[in-house]
Structures are given as structure tokens and as C-alpha cells.
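**Student:** okay, sequence plus prediction incoming.
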Amino acid sequence: MRLDKALASSGYGTRTEVKSLISKGKVTVAGKVIKDPGYKVKDDELNTISVAGSIAEIKENIYLLFDKPDGVLTAMEDKRLPHVGQFIPANLINRKISPVGRLDFHTTGLLILTNDGELSHRLTSPNYGIRKVYEVTYEGPALTEAQIKEAADGITLTDMDKPVKLHPSVLEIKEGNRALLTLTEGKTHEVRRIFAHWERLVITLKRVALGTLMLDNNSQEGSLRELTSEEVDDLKRLTGLITEPHQEDGKQ
């Protein structure tokens, strides 16, 4: 991570102000004065950064998008089963990253991993109504307008001890026993239970969108990438962590 970015993102001033501090020799890394704002700070050096003689408190958050494969547990460690933690680079393992919510063992697709606890909470809390879009292939008769309406009205599931009224959802029927289902809550096995309610069996289930994030059509299962700053800001706006409107380039 760039030295100026590490300090600016931790509240030590704007990028310009931080660059001035660095160029004046007021910043050290591992006891050495660094005057290059673009100096790449290693992970094991983050806790050694000092500003004007005082150890800096670096608040570095990491945001990753993972295309989860089938047969992978949504957990950072497990002694028996393949798990998400096995896909994380070694230099990030100790950065307290964890999945945002969970995907079932046989559910694939978009999974965010971060050490930003507040954003994770807001993306998963039903209070924020964050949309989650699933691509489903199923076995059984083709879905109909009746299911579209029932989803929009809010399905009542009766497969547990007590009936459960779900939040309204959006069902989009595709060709070849495929459908897109958009939810705003995250009850256990919700998609599979909804399709079982309709007497259809889910064959494959893939999450393709969460909030403002969409999985690229060319994404490969098992791939991992950092979110761009724009993607992170969009998620923060969506969840109320950033309140100013999005500014397009060249516009005020």
C-alpha cells in the first residue's frame, strides 16, 4: 500500500497534506525517514509508521470480491472441508478478513470478504434491505405469473414449526428452467425453500449481485480481486456510511 494512501485513509489529512508531511521528512517507516509519498508499505511495516515522532494508527480496510466455487465452505478455516480461507493470499490471512454473510456449500458466486465490520453488518442486516440476486436452474414445471405475483406479495413459508412471512421479492423467469430471484433478506436456505414451496427442485444456485456489485459474466470460479475504490464507495453510499452524492467526472 502506498504510504500517502495509508496515512490519508487513516485521517492524517488529505492526500496533498500527507504528501507535504512526507516530503518534509516528518514520516518514518521502521525507523527510517521516507520522503517518497509513493513508497510501498509492506504489511509488516504498517505498525511501524510514525508521524512527527508518534506511532501512526493505520486503519487499513481490505475489500475483496470472491467468485465462490461449488463445494467450498463459507468460512476462513475448517479442518475437514475446502473453505474460503484457502483462496486468500498468505499476506492477507492475518488481516482479520471474513466473509460478508454466507453462501451455502453448494451455492456459488459473488461473496464479499472484508475486515470492515460496520460495512459487513450493514450489508447483511435485514434493516438495510440490501438486494441479493440469485440465478437459479431448477427441475419441475416452468414457473408462471402466479409465482411472480406470490413473490412480489411476500411468500409465506410453512416448512418450519411456525409459518414465516418473507419480504417481497422479485422473480424473473428465463428460458430453459432458469430464473433470477432478487431478495432483500437472508433467511437460512431461503432460495431453496422458496423453490421447494413452489414444488421445484433447485439444481444450481449462483449469486450474481449484491447491492451495487455484480459478478462479471467472464468471472471464473475461484477468482479473487480487490474492489475498486469506486465500488467500495458505492457500497458505503448504499448503506449510509457515505452520505454525499456520487460525483461524475468533470461535474460538481
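**Tutor:** Noted; the coordinates are in hand. Numbering: from 1, shown residues only.
**Student:** residues in contact with the closest residue to Asn91 other than its chain neighbours?
**Tutor:** Counting by Cβ to Cβ, 6 or more residues apart in numbering, Asp43 is the residue found nearest to Asn91 once chain neighbours are left out, at 5.3 Å. In short, each C-beta sits where N, CA and C put it, glycine included. By Cβ atoms under 8 Å, 6 or more residues apart in numbering, the residues touching Asp43 are Asn91, Leu92, Arg95.
**Student:** Asp43 and Ala90: what is the separation?
**Tutor:** In this view, Asp43 and Ala90 are 10 Å apart by Cβ to Cβ, to the nearest Å.
**Student:** let me know the closest of the contacts of Asp43 to Ile173.
**Tutor:** Out of the contacts of Asp43, the one with the shortest distance to Ile173 is Leu92. That distance is 40.1 Å, counting by Cβ to Cβ.
**Student:** and the closest one, what are its phi and psi?
**Tutor:** Geometry field for Leu92 lists phi and psi as phi -110, psi -10, criterion degrees, to the nearest 10.
**Student:** which residues does it contact?
**Tutor:** Shown here is Leu92, whose contacts under the criterion Cβ under 8 Å, 6+ apart are Asp43, Ile62, Leu64.
**Student:** closest one of the residues you listed to Leu241?
**Tutor:** Using Cβ to Cβ, the shortest approach to Leu241 within those belongs to Ile62, at 15.9 Å.
**Student:** show me the domain layout of the protein.
**Tutor:** Following the assignment in automatic domain parsing, the chain carries domains at 3-55, 63-214.
**Student:** lowest-confidence stretch among those?
**Tutor:** Among the domains of the chain, domain 3-55 has the lowest mean pLDDT, at a mean of 88.
**Student:** okay if I get the contacts of Asp43 as JSON lines plus distance to Leu73?
**Tutor:** Rendered in JSON lines, the data for the contacts of Asp43 read as follows (distance: Cβ to Cβ, whole Å):
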{"residue": "Asn91", "distance to Leu73": "22"}
{"residue": "Leu92", "distance to Leu73": "18"}
{"residue": "Arg95", "distance to Leu73": "20"}
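**Student:** how near is Lys42 to Ile97?
**Tutor:** Going from Lys42 to Ile97 by Cβ to Cβ gives 17 Å.
**Student:** who has more neighbours out of those two?
**Tutor:** More crowded of Lys42 and Ile97, by other Cβ atoms under 10 Å: Ile97, with 19 against 11.
**Student:** show me the contacts for that one.
**Tutor:** Ile97 sits next to Ile62, Leu64, Met76, Ile88, Leu113, Thr114, Asn115 when contact means Cβ under 8 Å, 6+ apart.
**Student:** which among these count as buried?
**Tutor:** Burial by neighbour count, judged by 16 or more other Cβ atoms under 10 Å, picks out Ile62, Leu64, Met76, Ile88, Leu113, Thr114, Asn115 from the contacts of Ile97.
**Student:** quick one: the helices in the stretch 51-200 of the chain?
**Tutor:** Ranges of helices within the stretch 51-200 of the chain are 117-124, 145-153, 190-197, based on DSSP state H, counting those that start in this stretch.
**Student:** nearest to Thr239, of the ones you listed?
**Tutor:** Comparison of those against Thr239 by Cβ to Cβ identifies helix 117-124 as nearest, at 3.7 Å.
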